[in-house]
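> What follows is a predicted protein model with its sequence.
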Amino acid sequence: MLKKIQKKYPVNVEELDRATRDGFETQSMYEIYGTEGAGKTQLMFSLTSTVMNNNEDIRKSLGEDNKKILSSQKRDVSLKDITVIKIGGSTLGEHDTSLQDVVDMKLSGLNPVVVHGGGAIVSSWMKKNGIIPQFVGGLRVTNRESLDVAIAVLTGLVNKSLVAEIQSLGCLAVGISGVDGNTLIAEVVDNKLGYVGKIVDVRADLLRSLIQSGYIPIVSSVAMTKQKDNSDSLILNINADHAAGEIARELQADSVVFMTDVPGIMDSSRRLIPRVTKDQAKSLINSKVIDGGMIPKVESCCRSLDFVKKTYIVDGRKSHVLRDLFDGKFSGTRIG
């Protein structure tokens, strides 16, 4: 009878390593349970990364193409050089290069975190379901039927499509929503807007774990409610621009980039403004030069500046606009 060859993989958590007698053993089954937010998901991501990066048999079984992916993933990646990138549904298309730029950033040693919307796709699916999209101040009015569509499209269709595309380009990504790990906590903004939330807390432990394990986090813009009182839903739709800004603040990112479908902030004569101060940006909002969907982008940039070094609004329709930005060929608007 052949003896099973077993290996152990410690997770560098003293209590767990002691409980498992120096690590989780291969060819074994473990049941892990705990209260919400205890770190079960974070543990699984860390353990998966450890096993994949230290097991040559797994590498071989994944094939030559995935060796490239695995070789780019490193444990204990530094939490420095984080860039939060907000990608809107309107900028993703057949000839889009933003995801290739994100992969190139990762392979060059930077730590991108992608936060995505998908407003155009959500609106399309709402219309297919007989729902007319409505917006107030750049925020989507969300009734119960709209919320169901937004959750399905953002956390399912859009999020997993982005993850698959990034992995096809040579890096490993993990798709989460603001609900996962209680990453984003929100409360209702205004009853007139329906199930639309304002972020009141960001718990970035899961994001930090993913970054340190070598993954590119892909975050969809829905959040947990702060409390269930007076609501029949635990999930709220949130503006992806606000989500990106709050995540950048919590991670104390080096920069945050908002990709949109215009060249940047435009003046009253529709000319690009290459740089504005925080006070100038607020003045442009008050004078209604900045309006519509640009408002939450600019608000998020201004709010981020207390913790984030650089904030940008760029034209996501331009080929390799992210690569050019980090190569010093900036085109768009910098705030701050």
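Thanks, I have it.

> can you pull out the strands in the stretch 201-336 of the chain?
All strands of the stretch 201-336 of the chain, identified by DSSP state E, counting those that start in this stretch, fall at 216-220, 222-225, 235-238, 255-260, 275-276, 310-315, 332-335.

> Arrange these in TSV, one row each, with mean pLDDT as further columns.
Listed next are those as TSV, based on pLDDT from 0 to 100:
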stretch	mean pLDDT
strand 216-220	97
strand 222-225	94
strand 235-238	94
strand 255-260	95
strand 275-276	96
strand 310-315	95
strand 332-335	96
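
> So which of the ones you listed is nearest residue 204?
strand 216-220 (9.7 Å; CB to CB). Every residue, glycine included, has its C-beta placed from N, CA and C.

> Sheet-wise, list the partners of the closest one with their directions.
strand 111-116 (parallel), strand 173-177 (parallel) (DSSP bridges).

> could I get the last one in PDB with only the CA atoms?
As requested, the backbone C-alpha atoms of strand 173-177 are provided in PDB (Å, rounded to 0.1, in the frame of the first residue of the first chain):
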ATOM      1  CA  ALA A 173      -7.400  39.000  -9.700                       C
ATOM      2  CA  VAL A 174     -10.100  38.500  -7.100                       C
ATOM      3  CA  GLY A 175     -13.600  40.100  -7.500                       C
ATOM      4  CA  ILE A 176     -15.400  41.200  -4.400                       C
ATOM      5  CA  SER A 177     -18.200  43.700  -3.600                       C
END
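
> and it, average pLDDT?
Per-residue pLDDT over strand 173-177 has a mean of 97.

> Now do the phi/psi pair for the closest residue to residue 194 other than its chain neighbours.
Nearest residue to residue 194, sequence neighbours excluded (CB to CB, 6 or more residues apart in numbering): residue 142, at 4.4 Å. Here is the backbone geometry of residue 142 (degrees, to the nearest 10): phi -130, psi 100.

> so how far is residue 133 from residue 142?
Distance, residue 142 to residue 133, by CB to CB, to the nearest Å: 10 Å.

> Neighbour count: the two, which is higher?
residue 142 (24 against 16; other CB atoms under 10 Å).

> related to what we said a few turns ago, surely the residue nearest to residue 194 is in contact with residue 192?
No. Residue 142 is beyond contact range of residue 192, at 10.8 Å (criterion: CB atoms under 8 Å).

> between the strands paired with strand 216-220, which gets nearest to residue 270?
Closest of the strands paired with strand 216-220 to residue 270 is strand 111-116, at 27.5 Å (criterion: CB to CB).

> after that closest one comes which helix or strand?
As assigned by DSSP states H and E, the chain's next helix or strand after strand 111-116 is helix 119-128.

> Can you dump the C-alpha atoms of that next one in CSV for me?
The C-alpha atoms that make up helix 119-128 are tabulated as CSV, following Å, rounded to 0.1, in the frame of the first residue of the first chain:
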residue,chain,number,x,y,z
GLY,A,119,-23.9,52.4,-14.9
ALA,A,120,-24.4,52.1,-18.7
ILE,A,121,-24.8,48.3,-18.4
VAL,A,122,-27.1,48.6,-15.4
SER,A,123,-29.3,51.1,-17.3
SER,A,124,-29.4,48.7,-20.3
TRP,A,125,-30.5,45.8,-18.2
MET,A,126,-33.1,48.0,-16.4
LYS,A,127,-34.6,49.0,-19.7
LYS,A,128,-34.7,45.3,-20.7
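
> circling back: just put the strands paired with strand 216-220 in CSV and tack on distance to residue 221 and mean neighbour count.
Converted to CSV, these look like this (distance: least, CB to CB, whole Å; neighbours: other CB atoms under 10 Å):
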stretch, distance to residue 221, mean neighbour count
strand 111-116, 7, 25
strand 173-177, 8, 22
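
> CSV for those strands, including distance to residue 186?
What follows is the strands paired with strand 216-220, written out as CSV (distance: least, CB to CB, whole Å):
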stretch, distance to residue 186
strand 111-116, 14
strand 173-177, 12
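
> Out of those strands, which gets nearest to residue 279?
strand 111-116 (25.9 Å).

> Please work out which residues outside the closest one touch it.
With contact meaning CB atoms under 8 Å, 6 or more residues apart in numbering, strand 111-116 is reached by 77-89, 102, 105-106, 154, 158-159, 162, 166, 173, 207, 211, 216-221, 240, 243-244, 247, 251, 253.

> same question, stretch 123-136
122, 140-141, 143, 145-146, 149, 152-153, 192-193, 292.

> now stretch 296-304
Stretch 296-304 is contacted by residues 86, 138-139, 239, 241-242, 244-246, 248-249, 256, 258, 260, 265, 278, 281-282, 284-285, 290, 311-313, 335-336 when judged by CB under 8 Å, 6+ apart.

> one more time with 7 Å
Stretch 296-304 has contacts (CB atoms under 7 Å, 6 or more residues apart in numbering) with 138, 239, 241-242, 244-245, 248-249, 256, 258, 260, 265, 278, 281-282, 285, 290, 311, 313, 335.
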